[in-house]
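what's the 3D shape of this:
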Amino acid sequence: MPVTITTRIDDSLSKLIDDIAKREGMDRSTVLRRFLMEASKNWLINKALKDFEEGKATLRQAADFCNLSLRLIIEEISLRKVKIPYTLEDLDEDIKGLDE
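Numbering: from 1, shown residues only. Model (predicted):
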């Protein structure tokens, strides 16, 4: 069920939103909903990748957090140039695991 949210914005932002709505052939509410959805998705991806980079989340956890497939989260890692938290110690453990 839709919820109404009210917020105050300055005149310049209001004019910008109206201009975008006009250019896109949409009403103001549609523009705002799309912006909010895009910003929310972007925030989720940024948060997930920050946690992944800091070693607080696995790749799978990061993907699940922002509701993306592994393939898409890996694409985001590449696009955003996220450092993969993989150390020499991790490599040593992986190599030892192969020997077993």
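
And the pLDDT at Asp94?
According to the prediction, Asp94 has pLDDT 69.

swap in Asp99?
At Asp99, pLDDT is 69.

what's the longest helix in this structure?
Scanning the chain for the longest helix, with DSSP state H as the assignment, gives helix 28-53.

So which elements touch that one?
helix 11-24, helix 59-65, helix 70-79 (3 or more Cβ pairs under 8 Å, 6 or more residues apart in numbering; DSSP states H and E). The C-beta positions use only the backbone N, C-alpha and C, and glycine is treated the same way.

could you give the angle of the first one to helix 28-53?
Counting by axes from the mean of the first three to the mean of the last three Cα atoms, to 10 degrees, helix 11-24 lies at 100 degrees to helix 28-53.

what's next to helix 11-24, contact-wise?
Ile9, Asp27, Arg28, Thr30, Val31, Leu32, Phe35 (Cβ atoms under 8 Å, 6 or more residues apart in numbering).

let's go with 10 Å and repeat that
Arg8, Ile9, Asp10, Met26, Asp27, Arg28, Ser29, Thr30, Val31, Leu32, Arg34, Phe35 (Cβ atoms under 10 Å, 6 or more residues apart in numbering).
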